[in-house]
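> Coordinates for the following, if possible.
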Amino acid sequence: MFEVITKFRNEYKFLSNFYLCDVIYNGTKYASSEHAYQAQKCIDEEDILKFTNITAGKAKELGNELLKTRKDWTEQKKTDIMFNIVKAKFEQNPHLKEKLKETKKILLIEGNNWHDNFWGDCSCDKCKSKTGRNVLGKILMLIRTKI
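Modelled structure (predicted):
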């Protein structure tokens, strides 16, 4: 049997996009990879800058409330952007890079209870019969193999 990390909490919180660490993406400095990701949905530079001085939770809310979202915001586009942002997070923060490497071959699953079966795998009563796609976990594991 192999090891699995099923939640990005406590000692594995650094795997979460909400983990506070500077991430510079497309020339803008963000407080977390969540901030950077949500900002990429924007069309206007002034909207992008709104993501630089708020909490990660507020960034997610604001990203979901945007009235003017990129027209090319497809599943593939958002996955590619997430990969690049998460890669930047670990390249720009060597201590986090080392922590990611320390997970070795452990299966990383972004377990949650907020119905996110795209980026993770929700375990709530409503979703427990579904298997999440765990795209964030797969991105993390792919980056781990490349560093």
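> contact partners of the one helix or strand in the chain whose mean pLDDT sits lowest?
Within the chain, no helix or strand scores below helix 45-49, which has a mean of 91 by mean pLDDT, DSSP states H and E. The contact list for helix 45-49 (CB atoms under 8 Å, 6 or more residues apart in numbering) reads 28, 39-40, 42, 66, 68. Backbone N, C-alpha and C define where each C-beta goes, glycine included.
> Those into CSV, with extra columns for pLDDT and neighbour count?
As requested, these are exported to CSV (pLDDT from 0 to 100; neighbours: other CB atoms under 10 Å):
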residue, pLDDT, neighbour count
T28, 96, 16
A39, 97, 23
Q40, 97, 20
C42, 94, 19
L66, 78, 16
K68, 78, 10
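> now for the residues you listed, which pair is the farthest apart?
T28 and K68 (17.6 Å; CB to CB).
> so where do the strands sit in this protein?
Counting by DSSP state E, one finds strands in the chain at the ranges 4-5, 23-25, 28-30, 107-108, 111-112, 121-122.
> quick one: strands adjacent to the third one?
Looking back up the chat, that one is strand 28-30. Strand pairing for strand 28-30, using DSSP bridges, gives strand 23-25 (antiparallel).
> quick one: buried residues of the partner strand?
23, 25 (16 or more other CB atoms under 10 Å).
> Quick one: residues in contact with it.
Counting by CB under 8 Å, 6+ apart, 29-33, 35-36, 39-40, 84-85, 88-89, 92-93 sit against strand 23-25.
> Quick one: list the elements packing against the longest helix along the chain.
Ranked by residue count, the top helix of the chain under DSSP state H comes out as helix 75-92. Helices and strands touching helix 75-92, by 3 or more CB pairs under 8 Å, 6 or more residues apart in numbering; DSSP states H and E, are strand 23-25, helix 33-39, helix 94-102, helix 135-146.
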